[in-house]
Each structure stands twice: as structure tokens, then as C-alpha cells.
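S.K.: Sequence first, then the predicted structure, then my questions.
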Amino acid sequence: MTKVAVIFADGCEEVEGLSVVDVLRRLNVECDMVGLHSKEVDGDHHIKLTCDKVVDESLLDYDLVAFPGGMTGSANLRDDEKLRDLMVKRHEAGKWDAAMCAAPRALARYGVLKDAEFTCYPGIEEECEKYDPSAHFSERITVTDKEHKVLTSRGPVTAWAFAYAIAEALGVDTKQLKHGMLYDYLADNIKPESQVPNPSFSEIMKDFFFAPFKWNARSTRKEFWVSYAIQFVISIIIGTIELLALLPYTTVDTNGTGWTKPVSSITITFIIINVIVAILLIWLKLGLLGVAVRRLHDTNHEGWWILLYLVPFGWIFIIYFMILPTVEKPVRWGNYLFTK
């Protein structure tokens with residue numbers, strides 16, 4: 001029979017732990033409330049919780065162990081060496097582990113998030129990535145990494161989504177319960193306002209010039225086309241300046257065949273000007289490439305689609321991608337650079 005343990009520590013977010021217990025028990029999944037040090041737990045909002053048992057070796061027998069968040073509660077989970085050892089053993093045995101809100105930092109410190117995709121409460125990802133730089137942060141409501149057997153979610157309001165994701169990861173059908181608890185009604189009727197940001201010109205310039213290699217992010221349609229215009233205009237200006245700067249090093253062919261550059265006229269200045277121009281043009285192209293890849297992510301497409309540019313008439317498809325509207329939901333490549 002499938003068994004789940006939810007670990008409660010002093011300072012935990014009560015709703016995040018109890019939502020999991022509530023949903024799983026409604027689904028007839030055996031779910032134990034396990035206190036970190038005691039059966040009596042004082043939650044972050046001073047709701048007294050009475051658990052079924054205290055953390056011991058039996059934690060290794062559960063199909064999934066879930067951590068609720070809370071800054072104090074998750075810190076208690078993170079710093080407990082006994083719990084850490086048990087969770088590492090579970091992970092090595094291929095068992096499911098789940099954490100939400102601030103609690104993914106505990107999994108990160110344990111090493112459980114190695115190479116895994118995860119989400120967490122905004123800002124906690126910095127601590128998680130400090131513990132384990134190989135972890136991949138996402139802004140999705142819940143992230144179920146089946147390969148690494150890790151399930152995470154964002155915060156108190158996503159507790160129900162977290163609970164249902166846990167049940168579904170364990171192969172439990174949640175459709176009927178979602179309908180009975182009006183969860184599907186809630187999901188269908190919450191209509192957020194447009195989430196497409198409107199970057200300023202200075203923000204676009206900053207991302208274009210200083211973040212050409214930050215591809216794991218998004219760019220709006222406006223950001224791409226403004227960036228395209230920027231590189232087009234600057235390329236023309238650079239070309240014009242180069243032409244004027246190199247006039248002293250050119251002569252007119254008296255036979256009327258055009259401009260010539262006598263070898264004797266090539267000087268250090270001539271070489272430096274050409275090198276500078278080449279570097280600037282390359283940097284402009286890299287800047288536009290970075291924005292284009294992020295624009296693909298903004299439409300929920302892999303950045304590798306940019307390679308279509310190398311295929312005959314592939315540029316037509318690139319233009320099509322660039323004019324697509326923003327996907328107004330989290331994507332796995334992160335958020336917009338100018339919002340960070």
C-alpha cells in the first residue's frame with residue numbers, strides 16, 4: 001500500500017503540510033504526520049499540531065516524504081543531521097521526495113536537488129543554487145522531476161496544487177476529487193491579468209548589450225524587435241564611420257574600376273579600426289542572438305530552433321517565431337532578465 005509521510009517542524013507553514021495530509025487521506029492514501037523532534041508541533045502561526053509519530057528509521061519505508069515550508073520550519077528541516085541522513089538514503093534508493101515554499105533549500109543542502117529541476121518560494125532559489133549550482137530553477141507552480149524523483153511547489157496558495165501533484169506522482173487518480181473539492185472550477189475560473197511585462201528602452205538596451213550569453217530566460221516580442229532595430233541602426237552607423245575613417249587609406253582607381261587599397265597604405269591605425277569594427281559587429285550579432293533565443297523561450301519553444309536560420313528559407317520560420325505572442329504562463333527557462 002502507498003504510504004506518504006509529511007514532516008512537521010516547529011515554525012512550519014501549517015496550511016502547506018495539512019493540505020497534503022487532507023488531500024491524500026481523502027484519496028485513501030495512507031499519510032502520516034511526522035514530527036521532527038516531537039509529536040507536538042507549534043506552527044508558524046501558532047496552530048498546535050499533534051503528529052502521529054516522530055522522525056525515525058521508518059522514514060525509509062515511505063513511498064514519498066513531503067516537507068511543508070515556512071522560513072523557521074524549513075530551516076529546522078535543513079539543519080537537522082538525522083533527517084538529512086535519512087533523506088539522502090531515501091534519495092539514493094530512488095524514493096520520491098517533495099518540498100514546497102522555502103523547504104526546497106533543505107533538499108538542496110542534502111544534495112537531493114543535484115541536476116534536478118525545482119521551484120520554490122521567490123528568492124529561496126538563490127540559497128538552493130548556492131548549495132547546489134547544478135539544480136535548475138523554474139517558476140512553474142509545481143515541478144515534478146520524474147527522473148530525479150523530486151517534486152516541488154512555490155508557496156501557501158499553491159499547497160493544493162502541490163498535494164494533487166504528489167498524489168498523481170504516486171499514480172493516484174485525482175480527477176474525481178478535484179471536481180468534488182471544486183479545484184477544477186478554481187483552476188478554470190481564475191483569470192489573471194496579462195502577465196506580459198513592458199520593458200523600458202533602457203532595460204532593453206541593457207539586456208541587449210550586457211546579456212548576450214544569458215539564454216536561460218525570456219524576452220518579449222517588443223524587446224526582440226526593438227533590439228533588432230538597435231543592431232540594424234548601429235550597424236549602419238558603424239559602417240558609415242568605418243568608411244569615413246578609412247578614406248585616408250584608399251585611393252581612386254584612375255581606370256574607373258572602383259576603390260583600391262594599396263598595400264603600402266595599410267598601417268597600424270588601419271588594422272586597429274578594422275579590428276574594432278569587427279568586434280563591435282560581432283557583439284551586436286551575439287546580442288541579437290541572445291535576445292532571439294530568449295524570445296523563442298517566451299513562446300515556449302526550445303532555443304535550438306534558432307538553428308533554422310542556417311537552413312535555406314529557415315529565416316521565414318524564425319520571423320514567424322519572433323512575431324508569436326508571449327505565452328502567459330511560466331516556462332521552464334525562467335523569467336525576464338529586466339524583472340530580476
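M.R.: Cool, got the structure. Residues are numbered from 1 along each chain as shown.
S.K.: can you pull out the helices in the chain?
M.R.: Along the chain, counting by DSSP state H, helices occupy 14-26, 71-78, 81-92, 104-110, 124-131, 159-169, 175-180, 183-189, 201-210, 221-246, 268-298, 314-323.
S.K.: now the angle from the longest one to helix 201-210?
M.R.: Translated: helix 268-298. Regarding helix 268-298 and helix 201-210, their directions subtend 110 degrees when assessed with axes from the mean of the first three to the mean of the last three Cα atoms, to 10 degrees.
S.K.: what mean pLDDT does helix 268-298 have?
M.R.: Per-residue pLDDT values across helix 268-298 average out to 88.
S.K.: Also compute the angle for that helix relative to helix 314-323, please.
M.R.: Helix 268-298 runs at 60 degrees relative to helix 314-323, counting by the same axes, to 10 degrees.
S.K.: Report the distance from stretch 38-53 to the chain centre.
M.R.: Taking Cα atoms, centre = their mean, to the nearest Å, one finds the center of stretch 38-53 at 33 Å from the center of the full chain.
S.K.: Ends of that stretch, what's the gap?
M.R.: According to Cα to Cα, to the nearest Å, stretch 38-53 extends 8 Å from its N-terminal end residue to its C-terminal end residue.
S.K.: What residues sit buried inside that stretch?
M.R.: For stretch 38-53, the neighbour count (16 or more other Cβ atoms under 10 Å) marks 41, 42, 43, 44, 49, 51 as buried. Backbone N, C-alpha and C define where each C-beta goes, glycine included.
S.K.: Report the two of those residues separated the most.
M.R.: Between any two of the buried residues of stretch 38-53, the greatest separation by Cβ to Cβ is 15.6 Å, found for 44 and 51.
S.K.: on that earlier part again, highest average neighbour count across the helices of the chain?
M.R.: The highest average neighbour count among those, using mean count of other Cβ atoms under 10 Å, belongs to helix 104-110 at a mean of 28.
S.K.: tally of neighbours for residue 305?
M.R.: Each residue near residue 305 was counted by other Cβ atoms under 10 Å, and the total is 16.
S.K.: returning to that earlier point: is it possible to get CSV of the helices of the chain that adds distance to residue 330?
M.R.: Conversion of the helices of the chain to CSV gives the following (distance: least, Cβ to Cβ, whole Å):
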stretch, distance to residue 330
helix 14-26, 19
helix 71-78, 22
helix 81-92, 26
helix 104-110, 16
helix 124-131, 13
helix 159-169, 12
helix 175-180, 20
helix 183-189, 15
helix 201-210, 19
helix 221-246, 18
helix 268-298, 11
helix 314-323, 19
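S.K.: Who are the contact partners of residue 119?
M.R.: Contacts were defined as Cβ atoms under 8 Å, 6 or more residues apart in numbering; by that measure residue 119 touches 104, 125, 137, 138, 139, 140, 141, 142, 143, 152, 153, 154.
S.K.: Good, wrapping up.
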